[in-house]
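Enquirer: Let's see this in three dimensions:
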Amino acid sequence: MNRNEHLRRLARQEFDLLVIGGGISGACIAHDAALRGLSVALLERRDFGGFTSAASSKLLHGGIRYLPQAQLWKVRESGREQRIMQRLAPHLLRWLPFLIPTEKGSFMQGALPLQAAMRIYGLCHCGFSDLPPGAPLGEFLPPIKAVRVAPQLASIAKLSGAQVLNESHMHSSERMTLAFIKTAASNGAAVANYAEAVSYLSSRDRVRGVAVRDALSGKEFSVAARMTVNSSGPAAQSLNRASPSLQLRLRKEITGFARGVHLVTRQIHPDYALALTTREKTEGFVTRGGRHFFIIPWRGRSLIGTTNTPFKGDFDQLRVTAEDVDEFLADINETLPDLGLRRDEVYYAYVGIYPLTVRVIDPEKYQAGGDYQLVDHHSSDGVAGLITALGAKYTTARGLAEKTVDLAVRKLGCPAFPCRTAVTPLLEGGMTNLAAFIARKQEQYSALLTKEMAEHLIRYHGTGIDRVMETAAGDAELLKPLSPGVSVCAAEVLHAARKEMAAHLDDVVFRRTGMGTIGCPDEAALNRAAAIMAAELDWDEQRTAAEKAAVLARYAFRQQVSPA
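Expert: Residues are numbered from 1 along each chain as shown. Take a look at the predicted model:
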């Protein structure tokens, strides 16, 4: 993944399929199309997977949240995709038990309705004999056992027990998105981050590609394609409207946006995630009384999400504020009064947005429906050569990609392989037994790596650990942690710059290595990472200082004064 080489291909070649958007939806579409033998291009205006796809709870939901809406087909779809992803990238996933507390005196938050829902949920997940096994259905814990397992639940006054629900959780959603893009590139796709699709190129009611601005060099060029897919997420509608002469419409127009904040805090429970109910309303035929938030054990911390507030403004100005953090902490501490979580125990926080299609936006209610949109603009608007694929969930991105590429192949009329993404592991996911693979690599690299470092590299790079080791070229210094306070080694930073299109220090700290997502790296680690990037990408002192400042700005909420 040499960016300059990919940019040259993008400017010179006409592609069968051009994908706009390097989040999980676009990444899956590019991967699917390349695997089928199409010539593929992918453009992302920021870093790969750096916006909406990075701002989640990192869950591949089994779909239980669709039971209140009686959307059983979505429960089944989610369960199937959950298992498929387990096959594609086992190094990035784990089964994690959630505890859902029940309460006395409330029918919908009581034990019996939840146990009935779990039976329906289990039935929806039956019959996937061609896929890896899913997580077992969890047991129901009586109150004494529930509190023994999770003492935090003792502060729920009317606790009547807790249901265990196993969900699939990602070690790094950013690395998962990148894994799809790297696999697409290995199958011939031309990809580029920091390459913004400004507007469509069209003639005679046909889109023939896009005009592109390279954010790193400032240069502008065109990418030609027989079919273009707009999968730019929250920006999809605005991109379509950037060419007003085409009169492009979505099936359901985006009427607004909501923002959701996640907190990374001291570890609250090391083994179980907690699903807790807030006062915030949620939509559905039958609800358990309010929107949930999750407290998830993650990399020695707790990941807590999410909030739900309306958002208006420039996407580039989206930031977490001290007020965001304090308001969320108030909700958490009201639900679990004994927790006493403080702002100085919040090590990192991030925010994402998701589009809404409701007629009336209610700031007191969670209104995201989880519905994707797939629009053939030739059929709907008379504009050939363009499809919009607006994803809604990380879990079902692969399935949406399959439908999108099926449509594109039909429209192109070109020969192609059938979809193989459900059975083909990603480039770095080709291990049938993760534990055995880890043990084998620990033994293979025992002279250079500690067991902990070997497992860390596998958790992020999978079978790509060998390529990271090639980058290190046997240099023991490159295989040491950047500082005693972080687990990331110098070779990972160098590998990110050389082989994974990392163009900014922010790319490395938050998405290629994730070292900044559990708290601010110490000065030694940040300085060493910046020095490696500066030497590789020819930064001067001023540029290096600016790159470090951009990273530190992510933690500004910790020093801000919240309004009274």
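
Enquirer: Val210 and Leu18 touch, don't they?
Expert: Yes: using Cβ atoms under 8 Å, Val210 is in contact with Leu18, at 6.7 Å. C-beta: built from backbone N, CA, C; applies to glycine.

Enquirer: who has more neighbours, these two?
Expert: Under the criterion of other Cβ atoms under 10 Å, the comparison of Val210 against Leu18 puts Leu18 first, with 31 against 27.

Enquirer: Would you mind measuring from the more buried one to Val198?
Expert: For Leu18, the distance to Val198 (Cβ to Cβ, to the nearest Å) stands at 13 Å.

Enquirer: Can you work out which residues contact both of the two?
Expert: Val210 (Cβ atoms under 8 Å, 6 or more residues apart in numbering).

Enquirer: Please name the residues that touch the residue nearest to Glu428 when sequence neighbours are not counted.
Expert: Spatial nearest neighbour of Glu428, chain neighbours left out: Gly462 (3.4 Å); criterion: Cβ to Cβ, 6 or more residues apart in numbering. Neighbouring residues of Gly462 by Cβ under 8 Å, 6+ apart: 89, 91-92, 179, 426, 428-431.

Enquirer: export those residues to JSON lines and tack on secondary structure and neighbour count?
Expert: Below are those laid out as JSON lines (DSSP: H, G, I helix; E, B strand; the rest coil; neighbours: other Cβ atoms under 10 Å):
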{"residue": "Ala89", "secondary structure": "coil", "neighbour count": "23"}
{"residue": "His91", "secondary structure": "helix", "neighbour count": "28"}
{"residue": "Leu92", "secondary structure": "helix", "neighbour count": "27"}
{"residue": "Ala179", "secondary structure": "helix", "neighbour count": "27"}
{"residue": "Leu426", "secondary structure": "coil", "neighbour count": "27"}
{"residue": "Glu428", "secondary structure": "coil", "neighbour count": "25"}
{"residue": "Gly429", "secondary structure": "coil", "neighbour count": "23"}
{"residue": "Gly430", "secondary structure": "coil", "neighbour count": "16"}
{"residue": "Met431", "secondary structure": "coil", "neighbour count": "19"}
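
Enquirer: Specify which member of these is nearest to Ala408.
Expert: Leu426 (21.0 Å; Cβ to Cβ).

Enquirer: residue contacts, Tyr200?
Expert: By Cβ under 8 Å, 6+ apart, the contact list for Tyr200 reads 207, 209-211, 228, 242-243, 246, 386.

Enquirer: Among these, which ones are in strands?
Expert: In strands, defined here by DSSP state E, the members of the contacts of Tyr200 are 207, 209-211, 228, 386.

Enquirer: Now render these as JSON lines, adding distance to Ser25 and pLDDT.
Expert: JSON lines is the format used below for the ones in strands among the contacts of Tyr200 (distance: Cβ to Cβ, whole Å; pLDDT from 0 to 100):
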{"residue": "Val207", "distance to Ser25": "19", "pLDDT": "97"}
{"residue": "Gly209", "distance to Ser25": "20", "pLDDT": "97"}
{"residue": "Val210", "distance to Ser25": "17", "pLDDT": "98"}
{"residue": "Ala211", "distance to Ser25": "22", "pLDDT": "97"}
{"residue": "Thr228", "distance to Ser25": "14", "pLDDT": "98"}
{"residue": "Leu386", "distance to Ser25": "16", "pLDDT": "98"}
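
Enquirer: Could you work out the most separated pair of these?
Expert: Checked with Cβ to Cβ, those reach their widest spread between Ala211 and Leu386, with 14.4 Å between them.

Enquirer: Can you tell me which of the contacts of Tyr200 is closest to Trp539?
Expert: Of all the contacts of Tyr200, Trp539 sits closest to Ala211, with 28.8 Å by Cβ to Cβ.

Enquirer: so the closest one bridges to which residues?
Expert: Using DSSP bridges, the beta-bridge partners of Ala211 come out as Ser199, Ser222.

Enquirer: Now render the ones in strands among the contacts of Tyr200 as a markdown table, adding distance to Ser487.
Expert: Formatted as a markdown table, those follow (distance: Cβ to Cβ, whole Å):
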| residue | distance to Ser487 |
| --- | --- |
| Val207 | 46 |
| Gly209 | 43 |
| Val210 | 40 |
| Ala211 | 42 |
| Thr228 | 41 |
| Leu386 | 44 |
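
Enquirer: what's the distance between Ala472 and Arg498?
Expert: Applying Cβ to Cβ, the value for Ala472 to Arg498 is 11 Å.

Enquirer: Look at those two and report which has more neighbours.
Expert: Ala472 (19 against 15).

Enquirer: Over to the more buried one: give its phi and psi.
Expert: phi -70, psi -30 (degrees, to the nearest 10).

Enquirer: now it: how far from Leu448?
Expert: Using Cβ to Cβ, one gets 8 Å for the distance from Ala472 to Leu448.

Enquirer: who has more neighbours, Ala211 and Leu386?
Expert: More neighbours surround Leu386 than the other of Ala211 and Leu386, with 26 against 16 (other Cβ under 10 Å).

Enquirer: tell me which residues form a beta bridge with the more buried one?
Expert: Following DSSP bridges, Leu386 is listed with bridge partners Thr228.

Enquirer: packing partners for the host helix or strand of Leu274?
Expert: Per DSSP states H and E: Leu274 is located in strand 273-277. In terms of contacts (3 or more Cβ pairs under 8 Å, 6 or more residues apart in numbering; DSSP states H and E), strand 273-277 is packed against strand 93-103, strand 159-170, strand 292-298, helix 322-335.

Enquirer: Report the inter-axis angle for the next helix or strand after the longest one versus helix 322-335.
Expert: What that stands for is helix 322-335. Scanning forward in sequence from helix 322-335 by DSSP H and E, the next helix or strand is strand 346-356. With axes from the mean of the first three to the mean of the last three Cα atoms, to 10 degrees defining the directions, strand 346-356 sits at 100 degrees from helix 322-335.

Enquirer: strands paired with strand 346-356, and their directions?
Expert: Sheet pairing of strand 346-356 (DSSP bridges) gives strand 256-265 (antiparallel).

Enquirer: Now do the buried residues in the partner strand.
Expert: 257-265 (16 or more other Cβ atoms under 10 Å).

Enquirer: Just the closest of those to Ser172, please.
Expert: Closest approach between the buried residues of strand 256-265 and Ser172, by Cβ to Cβ: Val264, at 12.9 Å.

Enquirer: Quick one: the strands in the stretch 51-200 of the chain, in order.
Expert: Here the stretch 51-200 of the chain has its strands, by DSSP state E, counting those that start in this stretch, at 59-60, 93-103, 140-141, 159-170, 190-192, 195-203.

Enquirer: Put together CSV for these, with distance to Ile532 on each row.
Expert: Putting the strands of the stretch 51-200 of the chain into CSV (distance: least, Cβ to Cβ, whole Å) gives the following:
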stretch, distance to Ile532
strand 59-60, 33
strand 93-103, 29
strand 140-141, 48
strand 159-170, 26
strand 190-192, 22
strand 195-203, 24
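
Enquirer: Which one, of those, ends up nearest to Thr513?
Expert: Once the strands of the stretch 51-200 of the chain are compared by Cβ to Cβ, strand 159-170 is nearest, at 15.1 Å.

Enquirer: Just the C-alpha atoms of that closest one, please, in PDB.
Expert: Taking Å, rounded to 0.1, in the frame of the first residue of the first chain, the C-alpha atoms of strand 159-170 are listed here in PDB:
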ATOM      1  CA  LEU A 159     -32.700  -5.900  41.200                       C
ATOM      2  CA  SER A 160     -34.400  -9.300  40.500                       C
ATOM      3  CA  GLY A 161     -31.500 -10.900  38.600                       C
ATOM      4  CA  ALA A 162     -29.500 -10.600  35.400                       C
ATOM      5  CA  GLN A 163     -29.500 -12.300  32.000                       C
ATOM      6  CA  VAL A 164     -26.200 -13.300  30.400                       C
ATOM      7  CA  LEU A 165     -26.000 -12.400  26.700                       C
ATOM      8  CA  ASN A 166     -22.800 -13.200  24.700                       C
ATOM      9  CA  GLU A 167     -21.900 -10.700  22.000                       C
ATOM     10  CA  SER A 168     -19.000 -10.400  19.600                       C
ATOM     11  CA  HIS A 169     -16.600  -7.600  20.400                       C
ATOM     12  CA  MET A 170     -13.700  -6.100  18.400                       C
END
